[in-house]
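> Sequence and predicted structure are below.
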Amino acid sequence: MNNYITIVLLFLATAYSPSVVGQQIDTIAIKKPMDFLSFISAVGRENVAYAAARFDLDIAQAEIQTAGIFPDPELGFGWFNNGERRMKMGYGFTSEMTWTLELGGKRKARVNLARDQHELTSYLLDDYFRNLRADATIAYLRAIQNRQLLVVQLNSYQQLSQLAASDSIRYQLGVISQVDARQSKLEAGASLNEVYAAEAQYNMAISALSLLIGDSDRDLPVEPQGDLLNFDRTFNLQELITSALNNRADLKAALQSKNVSASVLRLARANRALDLGLTLGGTYSSYARNAIAPTPAFTTVNAGLSIPLKFSNGRSGELPAARYASLQGEQLYRQTELEVRTSVVQAFYAYQSAGKQVRQFDRGLLSEALAILDGKVYSYKRGETSLLELLNAQRTYNEVQQGYYQALYGYAEALVELERASGIWDINF
């Protein structure tokens, strides 16, 4: 009888192989395998939001050219009539060209301000990509984690399905009670629901990757490659802080913002200088045939200079506003520097903590949970352990596996956040 039961159970184990069970899972079959470096490269090339942000640099470059433009001259024409019909005094034409001569270095101040703003835009764009790269990496890691969690749930379902099939035969043979057989079947069904939930999480994660690379081909989502191992690094906190202060694009942007404020202040001072109005014109008067005072035709040329009376300089708020903005830029830079230091310290300790959690699993938690599960399965088949004890061991093993992959993901994510905060990047897997 025992040999017969063993043969039947072996047959069921073969029938419920992973290939057969896997056919019941409605996963997306066709995907585009893409390794991490190819994915990050695609993000830099194809991300739509980043492509839109790059136009800011072109706009800033165009504004430099605009700032260097001299004031346009103005050309005017006129016609006059001295009563030709009645008094025979003739008629004439006038022409005049006026141009504003800017003094006080206004054009130079505008160009310098536009150049500083262009450099600020460049730093802001670098910082945008720094955050985009880190966010894309975390999304890629999350997809790998969700795939591994799906595998955990799928393996658990396969084991419970095999157990349910085995218990059904054992019940028919009178080895176990009907309650135990029904409980095994119920647990297998509940496990399948967990597989569906894990599958949905994985599909949503890979869909997010397609968004990051601007992929409109939704029938071929990205399939991440690699695992969550090899994220162990050794760092010195003070060196990380120094690196952040030297390399963080947002800190460079804050420093450049101070330069922009100083350029705005110089432009405000230059705008207080007087501008000269230059005028050059000519007048033509026709022959006057008046009997009393006949006058031959003649042409006159005139040149002029106008000086504005800038009474508004005494009440202008532009200069004080620019001065306050410059002082504000100093404080904002100090605040940004403090935030950079704090973010590095926090990310460093978070990475250290995540590493301790991973090493805790590496000390034998997984192997111990698996050994307990194998022992419970063996004892259950011999009738020495209850079904409830076996199911508890199975749940414990699943939770330990899930905790392990979540810890690996947390460790990898902490490394990304630490390198994001420190202004360095050497992640590759």
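That came through fine.
> what about stretch 354-364, average pLDDT?
Taken as a whole, stretch 354-364 has an average pLDDT of 87.
> Check which residues of that stretch are buried.
Residues 354-355, 357-358, 361 are the ones in stretch 354-364 that count as buried (16 or more other CB atoms under 10 Å). Backbone N, C-alpha and C define where each C-beta goes, glycine included.
> Got the confidence number for the residue nearest to the spatial centre of the chain?
Geometric centre of the chain, nearest residue: Leu132, 2.8 Å, by CA atoms, centre = their mean. Listed pLDDT for Leu132 reads 96.
> Find the nearest non-adjacent residue to it, please.
Leaving aside its sequence neighbours, Leu132 sits nearest to Tyr50 (CB to CB, 6 or more residues apart in numbering; 5.7 Å).
> packing partners for the helix or strand containing the one you found?
Per DSSP states H and E, Tyr50 falls inside helix 48-67. Counting contacts by 3 or more CB pairs under 8 Å, 6 or more residues apart in numbering; DSSP states H and E, helix 48-67 is packed against helix 106-172.
> and the helix or strand following the helix it packs on, which residues are buried?
Downstream of helix 106-172, the next assigned helix or strand under DSSP H and E is helix 178-212. Neighbour-count burial for helix 178-212 flags 180-181, 183-185, 187-188, 191-192, 194-195, 198-199, 201-203, 205-206, 208-210, 212 (criterion: 16+ other CB under 10 Å).
> Could you do stretch 397-413 as well?
So, applying 16+ other CB under 10 Å, buried residues of stretch 397-413: 397-398, 400-405, 407-413.
> same question, stretch 319-334
Within stretch 319-334, the residues that qualify as buried are 322, 325-326, 329, 333, counting by 16+ other CB under 10 Å.
> ok but Val301 is inside a strand, no?
Yes - Val301: assigned to a strand according to DSSP: H, G, I helix; E, B strand; the rest coil.
> Would you list the phi and psi of the closest residue to it other than its chain neighbours?
Once flanking residues are discounted, Val301 sits nearest to Gly282: 4.9 Å by CB to CB, 6+ apart. Backbone torsions of Gly282, given as degrees, to the nearest 10, read phi -150, psi 150.
> Thr295 too?
Main-chain torsions, Thr295, degrees, to the nearest 10: phi -140, psi 130.
> isn't it right next to Ala288, touching?
Yes - if you go by CB atoms under 8 Å, Thr295 and Ala288 touch, sitting 3.8 Å apart.
> between these two, which one's more packed in?
Between Thr295 and Ala288, counting by other CB atoms under 10 Å, Ala288 is the more crowded of the two (20 against 14).
> returning to that earlier point: correct me, but the residue nearest to Leu132 touches Tyr128?
Yes - with contact defined as CB under 8 Å, Tyr50 reaches Tyr128; the gap is 6.7 Å.
> which stretches of the chain aren't confidently modelled?
The model of the chain has pLDDT under 70 over residues 1-30, 215-220, 314-316.
> Trp79: what secondary structure?
Going by three-state DSSP: Trp79 is strand.
> count of residues packed around Asn230?
Asn230, neighbours per other CB under 10 Å, totals 10.
> which residues touch it?
Applying CB atoms under 8 Å, 6 or more residues apart in numbering to Asn230 gives the contacts Phe429.
> Go ahead and report the secondary structure state at it.
Three-state assignment for Asn230 (three-state DSSP): coil.
> From Arg142, how far out is it?
Distance of Asn230 to Arg142, given as CB to CB, to the nearest Å: 17 Å.
> what packs against the one helix or strand Ser243 maps to?
Ser243 belongs to helix 237-247 when assigned by DSSP H and E. Helix 237-247 sits against helix 318-360, helix 387-422, with contacts defined as 3+ CB pairs under 8 Å, 6+ apart.
> Quick one: residues in contact with the helix or strand where Arg86 lies.
Per DSSP H and E: Arg86 is located in helix 84-87. With CB under 8 Å, 6+ apart as the test, helix 84-87 has contacts from 90-91, 286, 290.
> Check which residues of that helix are buried.
Within helix 84-87, no residue is scored as buried using 16+ other CB under 10 Å.
> following that helix, which helix or strand comes up?
Next along the chain after helix 84-87, taking DSSP H and E as the criterion, comes strand 91-101.
> Neighbouring strands - and their directions - for that following strand?
Strand pairing for strand 91-101, determined by DSSP bridges: strand 74-81 (antiparallel), strand 276-285 (antiparallel).
> Flag every buried residue along it.
Neighbour count says strand 91-101 has 91-92, 94, 96, 98, 100 buried, by 16+ other CB under 10 Å.
> okay, these in TSV with distance to Phe70 next?
Formatted as TSV, those follow (distance: CB to CB, whole Å):
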residue	distance to Phe70
Tyr91	36
Gly92	32
Thr94	25
Glu96	19
Thr98	14
Thr100	9
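> of these, closest to Tyr378?
Nearest to Tyr378 out of the buried residues of strand 91-101 is Thr100 (CB to CB; 96.5 Å).
> just checking, that closest one touches Lys106?
No - using CB under 8 Å, Thr100 is not in contact with Lys106; the gap is 10.2 Å.
> Can you pull the residues that touch both of these two?
Asp275.
> how near is Asn112 to Ile69?
With distances taken as CB to CB, Asn112 is found 15 Å from Ile69.
> So which of the two has more stuff around it?
When Asn112 and Ile69 are compared on other CB under 10 Å, the one with more neighbours turns out to be Asn112, at 19 against 10.
> Please look at that one and Ser263 and confirm they touch.
Yes - under the criterion of CB under 8 Å, Asn112 makes contact with Ser263 at 5.3 Å.
> wait, doesn't Leu280 sit right on Ala303?
Yes - counting by CB under 8 Å, Leu280 touches Ala303, with 5.1 Å between them.
> of the two, who's got more company?
Between Leu280 and Ala303, counting by other CB under 10 Å, Leu280 is the more crowded of the two (14 against 9).
> Give the bridge partners for the more buried one, please.
Beta-bridge pairing for Leu280 (DSSP bridges): Met97, Ala303.
> Same question for the one 4 residues further on.
For Tyr284, the beta-bridge partners under DSSP bridges are Phe93, Thr299.
> Tell me how many other residues crowd it.
Count around Tyr284 with other CB under 10 Å applied: 13.
> what's near enough to touch it?
Residues in contact with Tyr284 (CB under 8 Å, 6+ apart) are 92-94, 297-299.
> Repeat the analysis, applying 7 Å as the threshold.
Neighbouring residues of Tyr284 by CB atoms under 7 Å, 6 or more residues apart in numbering: 92-93, 299.
> Just give me the closest of those to Thr234.
Using CB to CB, the shortest approach to Thr234 within the contacts of Tyr284 belongs to Phe93, at 86.3 Å.
> what's near enough to touch Pro71?
Each residue near Pro71 by CB under 7 Å, 6+ apart is listed here: 99-100, 102.
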